[in-house]
Structures are given as structure tokens and as C-alpha cells.
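K.L.:
predicted model and sequence below, questions to follow.
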Amino acid sequence: MDNPVYATLTRQSGLMREMRTVAQNIANMATTGYRAENLVFAEYVADTGAGEPSLSMADAEARWTDKSQGALFQTGGTFDLAIEGPGFFQVSTPAGNRLTRAGSFTPAPDGTLVAPDGAQLLDSGGAPVFVPPDAHSVAVASDGTLSADGTPLAQIGLWQPADPLTMTRAEGVRFDPGGGGAVPAAEGRVVQGFLERSNVDPVSEVARMIEVQRAYELGQTFLDREDERIRATIRANGQ
């Protein structure tokens, strides 16, 4: 198989993965705390031996997450929290600690703040955040300090992966910080009564989908023509 065919086939495979990534972003345009994902294309070159031409292929396995700020919208909920600036909330799940920008929490019967699926919100020391069930008023300061009836109880932690390159997308809108775990984030600001929208740009994603579709069609056209050229050559040699 000729090198251009290898290159085109691997590019087509990468374009299919990119289309799935774009579709996932579009599907989560309205998901609170969702971070857009992108695919990175690179060239993979293999040595085929002395005196032989190298083999060039497209590689589209690497992914990166857009960490840009999403718009905040007011809910007025006491336990709805958003982050301005860098950082993530950290929650405890059965699969391990996860990072997230989705800040919709509610008090569990035991007083711990939990996400809709029961994952516990962690404070700056990595312990569950607790709110007394009989508290009349709860306030959260910009540094994450949570107070009940005027008494400071905990500081909600803002975290970031120790090594950003090891952070991977986990379930839903959560991320696995990787082997290095999470470390405190210094510059983030907590906003009570707000949630953060998805940072997906709908117009850009739709334009990107059209570009990927056209690129895939061009690649398919090349493969079809190359297939016909090879068939014609075989027929000519067989006569």
C-alpha cells in the first residue's frame, strides 16, 4: 500500500474521532461545568529500513481540555457554587477523588455537602464539608470559607492537578487528576448562589463540525480515486 494511502487512512480515522469529540461538545453545551475537549493531530513517521522511503501516518490520539472560564449564571441557591478563575472543586467518589467545575451541591442527611449523585465535596484539607442540619443561614466567602449562623466551619478547597498533563476526563463533568493527585489552587474565587455554564462555543463547534465533515469527504474522494487507479492498473496488466 502506498504511503499516501496510509496517510489518508490514518487521517480519516483521526477525523472520525474528532467528529465524535465535536458531537460530544455540542451535546453538552447546556451542561453545568462542562469543559470543551479538543483533539490534537500530529505526524507519525516510521523508519522502513535503509534505502526505503519512510512511512508517514497521521496520529490523533492526544486530547486537551479547554480550561477557559464559562459564563456564570445566578441561581440564588445557598449551596450552588461557582469558581471564577483557575481551580476545581474536589469531590470524593467510589472511583477515587475527582475534580469538577460543576458546583451544585445539597446537604445530605448527615450534614455533608454532596453532588446530585452523592459524591462528597471536600474542603481544603481533603475532608468532607459538613453543615449543621439546624443551621439557619449559610454563607460562603470568596476564599471558600463556609460559615453557619456566622460561625466559620470549613474552607471549601479549590484544587488543580499536580501535573496538568496527567489529568484525564473521567465520568460526566469530572476529571481524574492523575497519579500526582491534586494540589491547592491559589488564584480561584468561589461565588455563592451561582453556577458556571459550559465553556463550549456553539458557533465555533458547528463551524468545526462542518470543516471536519468536508475534510473527511475530501479524504474519502481521494481513497475512492486511488482505489479506481489501482483497479485500472491491475486490469491493464492482466490483459
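P.N.:
Yes, it's here. Numbering: from 1, shown residues only.

K.L.:
alpha carbons of stretch 130-140, as PDB, please.
P.N.:
Provided in PDB are the C-alpha atoms of stretch 130-140 (Å, rounded to 0.1, in the frame of the first residue of the first chain):
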ATOM      1  CA  PHE A 130     -20.100  19.500  56.900                       C
ATOM      2  CA  VAL A 131     -23.100  21.900  57.500                       C
ATOM      3  CA  PRO A 132     -25.100  21.500  60.700                       C
ATOM      4  CA  PRO A 133     -28.600  20.400  59.900                       C
ATOM      5  CA  ASP A 134     -30.100  23.000  62.200                       C
ATOM      6  CA  ALA A 135     -28.200  26.000  60.700                       C
ATOM      7  CA  HIS A 136     -30.400  28.900  59.800                       C
ATOM      8  CA  SER A 137     -28.100  30.700  57.500                       C
ATOM      9  CA  VAL A 138     -25.100  29.500  55.500                       C
ATOM     10  CA  ALA A 139     -22.600  31.800  53.800                       C
ATOM     11  CA  VAL A 140     -19.600  31.100  51.600                       C
END
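
K.L.:
who's in contact with that stretch?
P.N.:
The contact list for stretch 130-140 (CB atoms under 8 Å, 6 or more residues apart in numbering) reads 78-79, 81, 107, 109-113, 146-150, 153-154, 156, 190, 192. From N, CA and C alone the C-beta is placed, and that goes for glycine too.

K.L.:
could you rerun that using 6 Å?
P.N.:
Contacts with stretch 130-140, where a contact means CB atoms under 6 Å, 6 or more residues apart in numbering, come from Thr78, Pro107, Gly111, Thr112, Leu146, Ser147, Ala148, Asp149, Val190, Gln192.

K.L.:
same check, this time on stretch 163-171
P.N.:
Arg98, Pro161, Phe175, Asp176, Pro177, Gly178, Gly179, Gly180.

K.L.:
what sits against Ala148?
P.N.:
For Ala148, counting by CB under 6 Å, 6+ apart, the contacting residues are Val131, Pro132, Ala135, Val138.

K.L.:
10 Å instead, please
P.N.:
Taking CB atoms under 10 Å, 6 or more residues apart in numbering, we find Ala148 in contact with Gly111, Phe130, Val131, Pro132, Asp134, Ala135, His136, Ser137, Val138, Ala139, Ala154.

K.L.:
could you export the contacts of stretch 163-171 as JSON lines, including distance to Pro86?
P.N.:
Listed next are the contacts of stretch 163-171 as JSON lines, based on distance: CB to CB, whole Å:
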{"residue": "Arg98", "distance to Pro86": "17"}
{"residue": "Pro161", "distance to Pro86": "11"}
{"residue": "Phe175", "distance to Pro86": "13"}
{"residue": "Asp176", "distance to Pro86": "18"}
{"residue": "Pro177", "distance to Pro86": "14"}
{"residue": "Gly178", "distance to Pro86": "17"}
{"residue": "Gly179", "distance to Pro86": "21"}
{"residue": "Gly180", "distance to Pro86": "17"}
